[in-house]
Every structure is written in structure tokens, then in C-alpha cells.
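>>> Requesting a structural model of the entry that follows:
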Amino acid sequence: MGKIILYIAQSIDGFIADENGGIGFLDDFVDLEAYGHSAFYSTIGSVIMATKTYEDNLKFNYWYEGVDNYLFTNKGYTAPEGKTLHVKQGDPEPLVHELRKQEKDSWLIGGASLITQFMNKKLVDVLSLNIVPRPVGKGIALFQDIHTPYKLALTSSKTFPDSLVQLWYDIQY
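Take a look at the predicted model:
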């Protein structure tokens with residue numbers, strides 16, 4: 001059974017982006033291989049993202065290869081040439097129901113409003129939180145307006161030489 005994994009980086013003070021949506025605080029932490037990203041990526045069969053994440057990927061000419069790409073948006077986006085994109089609107093629960101039937105896990109990438117929707121509907125199974133030792137000050141918080149109670153059960157943790165801390169939790173609703 002595939003799980004929905006929120007795999008994300010946040011600043012030490014709890015933000016996933018600055019107040020303009022920028023992620024410059026991550027600039028010193030771009031060696032994803034050092035943090036086990038390839039091993040994680042090999043376990044997923046799909047990525048789930050919202051508009052801003054998709055727009056950023058297009059700006060950086062980046063595509064999640066070898067997996068199904070799902071975009072939750074109210075805008076009329078299409079996939080870049082040669083790529084496949086499944087555009088979704090509304091309630092994510094039907095998609096999650098189908099993704100949980102898959103052998104591989106699904107990566108919930110962001111943004112904050114989509115994460116909130118998933119958390120409030122109890123659709124996230126695992127949280128992988130990469131805490132970056134940089135403050136942002138003001139910005140977009142990882143968790144916003146979550147009203148569904150949950151508990152986190154730590155399953156693993158790792159500290160890296162650059163002081164990034166990676167925490168893996170099972171989410172219990």
C-alpha cells in the first residue's frame with residue numbers, strides 16, 4: 001500500500017518560504033544526494049504539488065522524471081512538451097484513495113495551502129522534515145490553520161555535517 005509522504009525542508013524558525021515565496025534560505029543545502037534524496041525518490045511513484053511549486057519547477061526547468069506528476073490548481077496549466085501532467089481541482093481525497101492502492105509511495109511536495117488541506121483531511125501518512133539551520137524571520141509557515149488533531153511518532157532522525165537535521169515521523173490521527 002502506497003503512503004502519502006510530506007517530504008519537505010523548512011527553516012529553523014518554521015518557514016518553507018520567505019514572505020515573497022522565495023526559498024533562498026536553501027541555497028547552501030543543494031547537495032540533495034548528501035541527504036539521501038535519491039534513495040527517497042526511488043520509493044515514490046508520484047508527486048503531488050500546488051501551483052507555486054509547479055511554477056517554480058517550470059522557472060528552473062525542472063521536472064520530476066519517472067513518476068506521475070499531479071498538480072492541484074484552479075489555473076489552466078498543461079504539461080511542458082514531452083511531459084505528462086495530471087491537473088486536479090477540488091477535493092484531493094479521491095486521488096489519495098487511488099494513490100494508496102499503488103505499490104510505491106507518493107510525495108506531497110507543497111505548497112502550504114495544499115499541505116493544510118491534506119492534513120485536515122487526514123491524508124498524510126508520513127512526515128519527513130528537513131530542518132535547515134537558517135532563519136527566515138517572516139514567511140510562509142509549513143503548517144497553517146490545521147484543525148485536525150494529530151500526533152507524530154518519530155521513526156528516525158539524522159544530523160548532517162552542515163547541521164541540517166532530518167526527521168521522519170509516522171502521523172497518527
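
>>> Can you name the residues that contact residue 152?
127, 169, 170, 171, 172 (C-beta atoms under 8 Å, 6 or more residues apart in numbering). (Glycine included, C-beta is placed from N, CA and C.)

>>> Show me which of those residues are buried.
127, 169, 171 (16 or more other C-beta atoms under 10 Å).

>>> buried residues in stretch 24-40?
Buried, per 16+ other C-beta under 10 Å, within stretch 24-40: 25, 26, 29, 35, 40.

>>> Tell me the spacing between the second one and residue 164.
Noted for residue 26: a distance of 10 Å to residue 164, by C-beta to C-beta, to the nearest Å.

>>> same thing with residue 150?
Counting by C-beta to C-beta, the gap from residue 150 to residue 164 is 24 Å.

>>> Comparing those two, which shows the higher neighbour count?
Using other C-beta atoms under 10 Å, the more surrounded residue of residue 150 and residue 164 is residue 164, with 20 against 14.

>>> which residues touch the more buried one?
Contacts of residue 164 (C-beta under 8 Å, 6+ apart): 29, 35, 130, 131, 132, 133.

>>> can I get these in a markdown table with secondary structure and pLDDT?
Listed next are those as a markdown table, based on DSSP: H, G, I helix; E, B strand; the rest coil; pLDDT from 0 to 100:
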| residue | secondary structure | pLDDT |
| --- | --- | --- |
| 29 | coil | 93 |
| 35 | helix | 95 |
| 130 | strand | 97 |
| 131 | strand | 98 |
| 132 | strand | 97 |
| 133 | coil | 98 |
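
>>> Farthest pair within these?
For the contacts of residue 164, the farthest-apart pair by C-beta to C-beta is 35 and 133; their separation is 13.2 Å.

>>> that older thread, from the buried ones among the contacts of residue 152, which land in helices?
Judged by DSSP state H, helices contain none of the buried ones among the contacts of residue 152.

>>> how about JSON lines for those, with distance to residue 146 and pLDDT added?
Shown next, in JSON lines, are the buried ones among the contacts of residue 152 (distance: C-beta to C-beta, whole Å; pLDDT from 0 to 100):
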{"residue": "127", "distance to residue 146": "12", "pLDDT": "98"}
{"residue": "169", "distance to residue 146": "14", "pLDDT": "98"}
{"residue": "171", "distance to residue 146": "11", "pLDDT": "98"}
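
>>> Same list, the residues you listed, but as a markdown table with distance to residue 85 please.
Converted to a markdown table, the buried ones among the contacts of residue 152 look like this (distance: C-beta to C-beta, whole Å):
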| residue | distance to residue 85 |
| --- | --- |
| 127 | 25 |
| 169 | 30 |
| 171 | 27 |
